[in-house]
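sequence plus the predicted model coming up.
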Amino acid sequence: MICHIDMDAFFAAVEQRDNPSLLGKPIIISGHSKRSVVSTASYEARKFGIRSAMPVFQAKERCPNVIIVPGNMKKYRENSKRIMEIISRFSPLIEQVSIDEAFLDTAGCERLFGSPEQIAVKIKKEIYKNLSLTCSIGIASLKFLAKIASDMNKPDGLTIIEKAKTRAFILNLPISKVPGVGKSAMKHMDIIQVKTLGDIQKFNPAILKKKFGKMGEKLLELSNGLDTSKVETDSLRKSISSETTLSNDTADNQTIRKYILAHCQRVGKDLRKKELFCSTISIKLKFSDFTQITRSKTLDTLICSSSAIFDTAISLFDNYELKKKVRLIGVGVSSLKDKDTPVQMLIIQPSEKNMEQWESVDMAVDSISEKFGSDVVKKANLKYPKKTKGEKNDR
């Protein structure tokens, strides 16, 4: 049996714990600009329909008395570290999937800590005892079901999907609850009248693959109770990204290029700090009408140079015909490998013969930045854009 531990309104709960005057009040973690978006909403705020990623101005419309609290990522990371340390006491098989959630495989732990339910109860008690925070835990024999179960009785919930009832649960599970089925997919689900995960079984695999690609094949597997994903204890971070919500929409090509450069610098520095390499680079643009696009490219070699990341990211941007003003700009890298990746995977292609030199330069700049600040050394051709009041940077 697998447990999925999910902290309840984590950022907001930490702020309410540390400032008792906020207890019982609707709060959101965000910036104060009208262009800011909600990072986390307390459960009191959620009663008004306020959700993560909602623009702050909409949150204020729904709840004029909502309290905006600036985020403190350093404090949240410290709390997260302590939470993961508590969870890891109950099993060595733990997979942290975000700052506030993790999977735990209870196999072989029963003799020490009891049944999966007893383990979950102990985890909840220890987290509350040590941090005065609540979490919700889902328990199931399949990983994706454990995640769904943890969200069923929030906050401070404990939901168990027993093995004997797994089949019936899957057949009647609303398709919108399945991880990976977003708004776009739901439009197609409505057209073909798929209401539950069980309804997927009515369709030929070839049709599902044609309509939904790999996701169609995956959904068919899940509908039959097949989930081969395991709790991956040593999995690498899947991606690193950086993005900015602009204070004013822009269609200025040079301005957008400056932001892309700034994000490539940040992402590259993060890669090198963690001693990772990447091979897939992507850009993200969200427009004034809140639609968005992503473009990505996978290279034949692994890189950690900010210059190499920028070259790829800017080519993706230059190949896109910009027709609308942009409100958010982001750059991400994925397909990450650690420093112990076999040397043959890092062979420099002839067209990239100076890549190692740029990586050396970047590492030197990183060292200078650590000592004297990030603004001491900048690219000469495209200086970092100055963050204006109200702009929000995310990683």
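Great, that's in hand. Since the model is a prediction, treat every value here as computed from it, not as a measurement.

whichever strand or helix holds residue 242: which residues count as buried?
Secondary structure assignment for residue 242, by DSSP states H and E: strand 239-250. The neighbour-count check on strand 239-250 (16 or more other Cβ atoms under 10 Å) flags 240-247, 250 as buried. C-beta here means a position set from N, CA and C on the backbone, and glycine is covered the same way.

helix, strand, or coil at residue 194?
Following DSSP: H, G, I helix; E, B strand; the rest coil, we place residue 194 in the coil state.

mind listing what it touches?
175, 200 (Cβ atoms under 8 Å, 6 or more residues apart in numbering).

I'd like the numbering to begin with 21 instead of 1 from here.
Yep, numbering from 21; the last one is residue 214 now.

against residue 181, how distant is it?
Separation of residue 214 from residue 181 (Cβ to Cβ, to the nearest Å): 21 Å.

so how far is residue 132 from the residue lying closest to residue 128 once chain neighbours are set aside?
Excluding its sequence neighbours, the residue lying closest to residue 128 (Cβ to Cβ, 6 or more residues apart in numbering) is residue 111, at 7.9 Å. With distances taken as Cβ to Cβ, residue 111 is found 9 Å from residue 132.

so between these two, which is more surrounded?
For residue 111 versus residue 132, neighbours defined as other Cβ atoms under 10 Å are more numerous around residue 111 (20 against 10).

which of the three states applies to the more buried one?
Assignment for residue 111 (three-state DSSP): coil.

isn't it up against residue 130?
No - counting by Cβ atoms under 8 Å, residue 111 stays clear of residue 130, with 10.4 Å between them.

switch the buried residues of strand 259-270 over to TSV; also include distance to residue 161.
Converted to TSV, these look like this (distance: Cβ to Cβ, whole Å):
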residue	distance to residue 161
260	33
261	33
262	38
263	37
264	42
265	41
266	46
267	49
270	50
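
of the residues you listed, closest to residue 35?
Nearest to residue 35 out of these is residue 265 (Cβ to Cβ; 20.9 Å).

what about the helices in the stretch 271-415 of the chain?
Assigned by DSSP state H, counting those that start in this stretch, the helices in the stretch 271-415 of the chain fall at 273-293, 326-338, 375-392.

circling back: distance to residue 51 and pLDDT for the buried residues of strand 259-270 - can I get that in CSV?
Formatted as CSV, the buried residues of strand 259-270 follow (distance: Cβ to Cβ, whole Å; pLDDT from 0 to 100):
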residue, distance to residue 51, pLDDT
260, 22, 88
261, 19, 89
262, 16, 90
263, 14, 89
264, 12, 89
265, 9, 85
266, 12, 86
267, 10, 81
270, 18, 93
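
ok, those vs residue 320, which is closest?
Here the nearest of the buried residues of strand 259-270 to residue 320, counting by Cβ to Cβ, is residue 260; it sits at 20.2 Å.

partner residues bridging that closest one?
As for beta bridges, residue 260 partners with residue 353 under DSSP bridges.

quick one: contacts for it?
Neighbour list for residue 260: 287, 290-291, 294, 296, 298, 352-354, 356, 415 [criterion: Cβ under 8 Å, 6+ apart].

kindly report the same for residue 205.
Neighbours of residue 205 in contact, by Cβ under 8 Å, 6+ apart: 232, 235.

now whichever strand or helix holds it: how far from the chain's centre is it?
Taking DSSP H and E as the criterion, residue 205 maps to helix 203-211. Remark: helix 203-211 is offset 23 Å from the chain centroid, using Cα atoms, centre = their mean, to the nearest Å.
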